[in-house]
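>>> got a sequence here, can you build the structure:
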Amino acid sequence: MAAMTKKERVRAALAGAPVDRPPVSMWGHDYLREWSPRELADVTLEQYHAFGWDFIKLNPRASYFAEAWGNGYQRPAEPRHPELLSVAVQEASGLDSIRPVDPRGGVFAEHLEALRLVLNGVAGEADVIHTIFSPLSVTAQLCGLRKEFAGLAAQNPAGAHAALAAVTVTLAAYARAALEAGAAGIFFAPLAWASQDISSPDFYREFGRPYDLQVLAGVREAPFNVLHVCRNNNMIGLLLDYPVAAFNWADHGPGNPSLAAVKAQTTKAVMGGVDQAALATMNASEVAAQVREAVATAGPDRLLVTAGCSIPPETPAANRAALAQAAG
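Just a heads-up that it's a prediction; the model follows:
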């Protein structure tokens, strides 16, 4: 088969058509360089050009959605997560105060600018997808620690649903703005809330799914929407009817299904194959072996070779390069 362009390769993989090789990409945080549009764009493009990724998943700082509603964070001086200083919702009644915010202002405007800078940098060569956290994951961030929201929602279920509705309106409009800026789709992330480690099927059906589908409905026409589920013991099987082009999860994680198992349950593409939790300590040969195993067991069609989540910042360059080389 003749060599494909990056976009041709990705679109063929998403459609289940033959590919010259599976598309590859990785993404991760640079905790010191994700605090301005220019810095985020620069570090994203550096990785893209250095390793020849077939597409870009823009990977902003994880705190910025919650910042839009008033959470306070300390920018780190070391390469680590920002420190949470204050939360917007401190008690159950605080859920009643959550309102929609401007999806094109503040930190949202900054990240739309970062998206535009990245798109300008790739100059049409590759698809760029923009990260959008789910309404449940953002609303939970506003309450502090991961499990706090569940307790507050039990005390004030009407307020919880009202807060989720307000966040959903904002995120749906923000996702539309990302497409208008040129994104090929969104990387939609319920984070840990689609894991039985902190949630349950019934809880997610009530507080997650209805709001997820509202956001996804607004970007349904985009060719490259991805659903990403974090953590082990995930509930991705409950979400396989979501209107997306591909599913991404930690397929090496305990309690999580394999790429082949999910691929057998859907006509959509799967993304993964490399264990992000071990990327910093594996050697390049081990990374290449995981890539080859993914292609062999899941098959080369409807497969995009990536890690199962954001990669550790200390991942060696040789390991990043090995992913791209092994897929070819």
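>>> check which helices and strands the longest helix belonging to the chain sits against.
Using DSSP state H to assign secondary structure, the helix with the most residues in the chain is helix 157-181. Identification of packing neighbours for helix 157-181 by 3 or more CB pairs under 8 Å, 6 or more residues apart in numbering; DSSP states H and E yields helix 106-122, strand 127-133, helix 135-141, helix 148-155, strand 185-191, helix 201-207, helix 209-217. Every C-beta, even on glycine, is put in place using the N, C-alpha and C of the backbone.
>>> what mean pLDDT does the longest one get?
Mean per-residue pLDDT for helix 106-122: 99.
>>> most tightly packed of the helices and strands packed on helix 157-181?
helix 135-141 (a mean of 28; mean count of other CB atoms under 10 Å).
>>> for the least confident helix or strand in the chain by mean pLDDT, buried residues please.
Counting by mean pLDDT, DSSP states H and E, the chain has its least confident helix or strand at helix 317-327, which shows a mean of 93. Buried positions in helix 317-327, judged by neighbour count with 16 or more other CB atoms under 10 Å: Asn319, Arg320, Ala321, Ala322, Leu323, Ala324, Gln325, Ala326, Ala327.
>>> could you count how many residues lie near Ala158?
By the measure other CB atoms under 10 Å, the count of residues near Ala158 is 10.
>>> what pLDDT is listed against it?
In this model, Ala158 is scored at 99, pLDDT.
>>> output the below-cut-off pLDDT ranges for this protein.
Applying pLDDT under 70 to the chain picks out residues 145-146.
>>> and the helices and strands packed on helix 157-181: which comes nearest Ala12?
Set against Ala12 and scored by CB to CB, the helices and strands packed on helix 157-181 come closest in strand 127-133, at 12.2 Å.
>>> helices or strands up against the closest one?
Contact here means 3+ CB pairs under 8 Å, 6+ apart; on that basis strand 127-133 packs against helix 6-15, strand 55-58, helix 106-122, helix 157-181, strand 185-191.
>>> which parts of the longest one are buried?
Going by neighbour count (16+ other CB under 10 Å), the buried part of helix 157-181 is 159-179, 181.
>>> now find how far off-centre that helix is within its chain.
On the basis of CA atoms, centre = their mean, to the nearest Å, helix 157-181 sits 17 Å off its chain's mean C-alpha point.
>>> same check on stretch 143-150?
On CA atoms, centre = their mean, the centre of stretch 143-150 falls 20 Å from the chain's centre.
>>> mind checking the end-to-end distance for it?
End-to-end distance for stretch 143-150: 10 Å, by CA to CA, to the nearest Å.
>>> which residues are contacting it?
84, 87, 89-90, 95, 136, 139-140, 152, 160, 192, 198-199, 203 (CB atoms under 8 Å, 6 or more residues apart in numbering).
>>> now with 7 Å, please.
Contacting residues not belonging to stretch 143-150 are listed as Val87, Val89, Thr139, Ala140, Leu152, Ala192, Ile198, Phe203 [CB atoms under 7 Å, 6 or more residues apart in numbering].
>>> residues near the closest residue to the fifth one other than its chain neighbours, how many?
Taking CB to CB, 6 or more residues apart in numbering as the measure, Leu152 lies nearest to Ala92, with 4.5 Å between them; neighbours along the chain are not counted. The number of residues packed around Ala92, counting by other CB under 10 Å, is 17.
>>> the one 5 residues further on too?
If you count neighbours by other CB under 10 Å, Ser97 ends up with 15.
>>> how close does it sit to Val295?
Relative to Val295, Ser97 is positioned 50 Å away (CB to CB, to the nearest Å).
>>> from Ser36, how far off is Leu117?
As for Leu117, its distance to Ser36 is 10 Å (criterion: CB to CB).
>>> same check on Trp193?
According to CB to CB, Trp193 stands 29 Å off from Ser36.
>>> the two: which is more packed in?
When neighbours are counted by other CB under 10 Å, Trp193 and Ser36 differ, and Trp193 comes out ahead with 28 against 12.
>>> gap between the residue lying closest to Gly255 once chain neighbours are set aside and Ala165?
Taking CB to CB, 6+ apart as the measure, Gly255 lies nearest to Asn233, with 3.6 Å between them; neighbours along the chain are not counted. Per CB to CB, Asn233 is found 28 Å from Ala165.
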